[in-house]
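1. Show me how the following folds:
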Amino acid sequence: MKTNRYQPDFPVRAAAVIRNGGSESAVAQALGITLTALKRYRQLHAEFETAFWPGETADRDVEQALFKRARGFRYEEVQLEELVDREGKVLETLKKRTVVKEVPPDLRAVLFWLTNRCPERWKEKGAGPAGIEESYAFDEADERL
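-> Okay, the predicted model is just below:
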């Protein structure tokens, strides 16, 4: 049932959909309103707009994590060498060192990023065997070789 009026429970219901990973379209469907009405309500009602913030923040966090994984990164790890007794109680810290570790770029993250950001250049084409597209264009110069 479609409704044309803003209702006080919209922010709570929208937040529940957003928490479960729902998009604006999913929120509109759950509330029984059009996407145009949802966008208008977001502009007119501050409490409704704030219901969308956790989802938008989570989206940004995931995008940044995916980008970081696609590029690879370095991080520091503290390693301790300790003297322990038979019960496992630490008696003394002998050495403490900081080691820089490197996580190489993840090929799946790279492919996912590129196929979604530049689909016209990076979409998977499954025309030939093993995903190889078989469209060759030879000219006469190629034939003489």
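2. and residue 58, helix, strand or coil?
-> Three-state assignment for residue 58 (DSSP: H, G, I helix; E, B strand; the rest coil): helix.
3. and the gap between it and residue 12?
-> 18 Å (CB to CB, to the nearest Å). For the C-beta atoms, the positions are set from N, CA and C on the backbone; glycine is no exception.
4. ok, now residue 94?
-> From residue 94 to residue 12 the distance is 56 Å (CB to CB).
5. what do you get for residue 41?
-> From residue 41 over to residue 12 (counting by CB to CB), the distance is 14 Å.
6. same for the strand ranked longest in the chain, what does it pack against?
-> In the chain, with assignment by DSSP state E, the single longest strand is strand 90-103. Here strand 90-103 touches strand 73-84, going by 3 or more CB pairs under 8 Å, 6 or more residues apart in numbering; DSSP states H and E.
7. can you rerun that using 10 Å?
-> Helices and strands touching strand 90-103, by 3 or more CB pairs under 10 Å, 6 or more residues apart in numbering; DSSP states H and E, are helix 53-71, strand 73-84.
8. re earlier: which one of residue 41 and residue 12 is surrounded by more residues?
-> residue 41 (20 against 11; other CB atoms under 10 Å).
9. Confirm the more buried one sits in a helix?
-> Yes. Counting by three-state DSSP, residue 41 falls inside a helix.
10. Model confidence for it, exactly?
-> We have a pLDDT of 92 for residue 41.
11. before we move on, what about residue 61?
-> 80.
12. what about the protein, any weak spots by pLDDT?
-> 1-4, 55-57, 124-145 (pLDDT under 70).
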